[in-house]
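[1] Let me see the structure of the following:
(one chain, ligands or ions: 1)
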Amino acid sequence: MIRVENVSKTFVLHQQNGVRLSVLQNASLEVNKGECVVLHGHSGSGKSTLLRSLYANYLPDQGHIHICHGDEWVDLVQAPARKVLEVRRATIGWVSQFLRVIPRISALDVVMQPLLDLGVSREACAAKAARLLTRLNVPEHLWHLAPSTFSGGEQQRVNIARGFIVDYPILLLDEPTASLDAKNSAAVVELIEQAKARGAAIVGIFHDATVRDRVADRLHAMGVPS
Ligand SMILES: Nc1ncnc2c1ncn2[C@@H]1O[C@H](COP(=O)(O)OP(=O)(O)OP(=O)(O)O)[C@@H](O)[C@H]1O
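    Numbers count the residues shown, from 1 in each chain. Below you'll find the model as predicted:
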């Protein structure tokens, strides 16, 4: 589902005397259907940089990121913005530890939006959003409130529900359990296991060793030439 070939990324800090940070050097990675690969390496080894590149948030200086999108392969390094948006809408789900809250939009609406965007009926979207929020222990009295005042853990669970509302073929998870307690981490682990069982290819960053050991089929060592 994902084929990363010889990706390199150097950040140039223009406002700090043009200092150059070479973060990824010839990184290569393949992820198959139903597999969860966990990026592993010390702080600063480039885990987030690689994950963001897989969502085309960062543009590598060289290399290729081939994504299986329906019946075609798209290289996110070369693809025009329109294609990147199409791939994100249908193929790649992104769950970070932070929710981008939008004033006055209820938690339920935030969660169901990606599925609505694919043309699914509002009733079906609302029903699926409610199921996910229930599984993630977000109390029902919060569903119709805007999440801007929610606790960190509540916001994170709304974000996770939003990331899992569409059965994306690819999921990118950036520390999805960072501020969750054991019960809620277990609910997220279950969602990940279910996604793998339906064939999703998953790449994640998990600092929590217990969660990592549960979900990882393979660790991808960062900073080691592959
Ligand atoms: N947008 C950016 N501009 C400049 N430098 C950046 C940028 N993003 C990341 N870096 C640098 O790239 C290096 C790798 O950062 P990255 O966040 O990918 O590491 P990480 O392995 O995810 O670390 P952590 O485990 O601490 O989150 C760091 O030295 C960081 O300062």
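[2] The one helix or strand Ala130 maps to: which residues count as buried?
    Here Ala130 is covered by helix 122-135, with elements defined by DSSP states H and E. Across helix 122-135, burial judged by 16 or more other CB atoms under 10 Å covers Cys125, Ala126, Lys128, Ala129, Ala130, Leu132, Leu133, Arg135. For the C-beta atoms, the positions are set from N, CA and C on the backbone; glycine is no exception.
[3] Check stretch 18-34 too.
    For stretch 18-34, by 16+ other CB under 10 Å, it's Val23, Leu24, Ala27, Leu29, Val31.
[4] which SS class is the third one?
    Secondary structure assignment for Ala27 (DSSP: H, G, I helix; E, B strand; the rest coil): strand.
[5] Now for it: which residues touch it?
    By CB atoms under 8 Å, 6 or more residues apart in numbering, the contact list for Ala27 reads Val4, Asn6, Val7, Ser8, Gly46, Leu50, Gly63, Met222, Ser226.
[6] So the fourth one: helix, strand or coil?
    So that's Ser8. strand.
[7] Hmm, it is touching His64, no?
    No - taking contacts as CB atoms under 8 Å, Ser8 lies outside contact range of His64: 11.1 Å.
[8] and the chain, which residues reach the ligand?
    For the chain, the residues in contact with the ligand (CB under 6 Å from any ligand atom) are Phe11, Leu21, Val23, Gly41, Ser43, Gly44, Ser45, Gly46, Lys47, Ser48, Thr49.
[9] for the buried residues of helix 122-135, which one is nearest the ligand?
    Leu132 (26.5 Å; CB to the nearest ligand atom).
[10] Quick check: phi and psi at the nearest residue to Val87 once chain neighbours are set aside.
    Distance criterion CB to CB, 6 or more residues apart in numbering; nearest residue to Val87, sequence neighbours excluded, is His69 at 5.0 Å. Torsion angles at His69 (phi, psi; degrees, to the nearest 10) stand at phi -120, psi 100.
[11] Against the ligand, how distant is His69?
    Plainly put, His69 is 25 Å away from the ligand if you go by CB to the nearest ligand atom, to the nearest Å.
[12] my guess is that residue meets Arg89, correct?
    No - with contacts counted by CB under 8 Å, His69 stays clear of Arg89, the gap being 10.2 Å.
[13] Run the chain-centre distance for stretch 14-22.
    28 Å (CA atoms, centre = their mean, to the nearest Å).
[14] end to end, how far does that stretch reach?
    Stretch 14-22 has an end-to-end distance of 14 Å (criterion: CA to CA, to the nearest Å).
[15] now the helices: where do they sit in this protein?
    47-54, 81-90, 107-116, 122-135, 152-164, 182-197, 209-215 (DSSP state H).
[16] okay, the ones you listed, which one's buried deepest?
    helix 152-164 (a mean of 23; mean count of other CB atoms under 10 Å).
[17] With Ala209 as the reference, measure out to the closest residue to Leu136 other than its chain neighbours.
    Using CB to CB, 6+ apart and skipping residues adjacent in sequence, the residue nearest Leu136 is Arg157, 4.2 Å away. According to CB to CB, to the nearest Å, Arg157 and Ala209 sit 21 Å apart.
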